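A.B. asks: Structural data only, the sequence is not supplied:
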Ligand SMILES: C[N+](C)(C)CCCC[C@H](N)C(=O)O
Ligand SMILES: O=C(O)CCC(=O)C(=O)O
């Protein structure tokens, strides 16, 4: 964009008229910057044809796996017009889902290198999506990393731009000679700061959003993951580099095994604590359990458990869960199952978009009530599928048929919620989507409880399992600090 045109844009922008010059789009077509206007109708065609109810085939083993009852034929998921508030058409307007993969992380790279910022009347302007937009001087001062403005030990801000006089936030001059590496800014009070080009250009980009949320290009899977399940050798983790690989694999696949580790609770707990603090719950912190109903939950029995995510009764379910089988004597069964909840959600999205949207917008309560003096429910009803507000990608699946409580939907829609949930249940319980394996002492399973569902077959004999929960933010922090560069961390932390 020539400087003459730019100054005309600035001038016209200054007169609050839309700049008439529309530069080439710097974003790949079809993707949007996180701040794109929301609310457009889903680009996917809304499919109201009922998904064909699958014939339920159960794998045959000596120990019964979770029973999936035969389903009544799926009812038409016809367009729901009797309640404009909650109609699918309304719902789709609320969730803008791009393309056919509403999954976290599958976003294109943002490559705009942009043109040098400009300064006009004490204000900095940068090129964003073809127009020059104003960079608030308060933002530039707010993110200043110098020792006066930010505590160098804690990275916490030490300046309050809301109370600062305007000389501290009005830009006096800007040296763009080394753009896009950085721009050197001088404020009217004489304070100087250097802002990296990536921090300005990447502020609303997918890479920054994904770095901030620890999102990678995910790889959805089905039962064929059994051919090459993700794993990391224990000794590489102890040595250091293995932790980055472990975190990367869990973010990519939703789970990973730690192989050849000591089959002891002590080694298990110690490894978990190198990822993050073990979360304490009404089950305790580090858990070491067997089928003695010591806690009033079916996990503490020998019954089969259908695929589920844990902690749906918490406002924030644990992000990471570990299961390490320490021993199983005098009996059999107790196989473990995993289902990729993101892959299952994507399948529902493609097969029955209306059901996907309904499960994205209908809150569901859950409860933990078995133990004396415990009656836990979440702060509100959360939907089965939660999307990131910033870029509308699926970030969490919540599903637990055993712990589910009320469904927050009016009577006229309740049956349709059951239709939609029944479709998702069929996908989860289709063995094509289930990865079954036998845990063994020395091989720990770690999985993302916001993405993967887990279960087990019934068992006999004495089976001892240990593990722990780790908070989602703690586990993603470990992913970020072991997989992102210092610059990527910096550009996706204070400056967003
Ligand atoms: C043994 N361990 C503490 C891991 C689980 C306890 C039970 C989990 C509960 N049913 C849920 O789905 O959240
Ligand atoms: O015992 C198992 O294999 C898993 C139990 C379970 O689902 C859980 O602890 O959340």
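C.D. replies: Received it, and whenever you're ready, just let me know what you need. From a predicted model like this one, the values you see are computed outputs, not experimental measurements. Ligands and ions are numbered 1, 2, ... in the order given.
A.B. asks: Now residue 463, what are its backbone angles?
C.D. replies: Main-chain torsions, residue 463, degrees, to the nearest 10: phi -130, psi 120.
A.B. asks: Let me see the contact set for it.
C.D. replies: 290, 291, 302, 325, 327, 328, 331, 334 (CB atoms under 8 Å, 6 or more residues apart in numbering). To be clear about C-beta, it is placed using only N, CA and C from the backbone, and glycine gets the same treatment.
A.B. asks: where exactly do the strands run in the stretch 101-250 of the chain?
C.D. replies: Assigned strands in the stretch 101-250 of the chain, in chain order: 118-120, 123-128, 131-135, 171-175, 182-187, 192-196, 231-233 (criterion: DSSP state E, counting those that start in this stretch).
A.B. asks: any idea how far the residue nearest the centre of the chain is from residue 493?
C.D. replies: Per CA atoms, centre = their mean, the C-alpha nearest to the average position across the chain is that of residue 395, at 3.0 Å. Distance, residue 395 to residue 493, using CB to CB, to the nearest Å: 19 Å.
A.B. asks: now the strands for the stretch 351-496 of the chain?
C.D. replies: 363-366, 382-383, 385-387, 394-397, 404-408, 434-437, 444-448, 452-456, 462-467, 469-470.
A.B. asks: Poorly predicted segments of this structure, please.
C.D. replies: By pLDDT under 70, the low-scoring segments of the chain are 1-64, 67-115, 496.
A.B. asks: For it, what lies in contact range of ligand 2?
C.D. replies: Proximity of the chain to ligand 2 (CB under 6 Å from any ligand atom) is limited to residues 299, 305, 310, 323, 336, 454, 456, 465.
A.B. asks: Of these, which is the most crowded?
C.D. replies: Neighbour tally across the residues of the chain next to ligand 2 (other CB atoms under 10 Å): the maximum, 25 neighbours, falls on residue 456.
A.B. asks: Wait, that residue touches residue 306, no?
C.D. replies: No. In this structure, residue 456 is not within contact of residue 306 by CB atoms under 8 Å, at 9.3 Å.
A.B. asks: rewinding a little: closest one of the contacts of residue 463 to residue 182?
C.D. replies: Distance to residue 182 across those (CB to CB) is lowest for residue 325, with 52.5 Å.
A.B. asks: Give me the neighbour count for the closest one.
C.D. replies: Residue 325: 21 surrounding residues under other CB under 10 Å.
A.B. asks: same question, the one 3 residues further on
C.D. replies: The burial metric for residue 328, expressed as a neighbour count using other CB under 10 Å, is 21.
A.B. asks: which one is it nearest to, not counting chain neighbours?
C.D. replies: residue 463 (4.4 Å; CB to CB, 6 or more residues apart in numbering).
A.B. asks: Could you double-check that residue 432 lies in contact with residue 223?
C.D. replies: Yes. With contact defined as CB under 8 Å, residue 432 and residue 223 form a contacting pair (5.6 Å).
A.B. asks: Those two - which one has more neighbours?
C.D. replies: Neighbour totals were compared for residue 432 and residue 223, and residue 223 leads with 18 against 11 (other CB under 10 Å).
A.B. asks: who's in contact with the more buried one?
C.D. replies: By CB under 8 Å, 6+ apart, the neighbours of residue 223 are 431, 432, 433, 434, 435, 436.
A.B. asks: Many thanks, have a good one.
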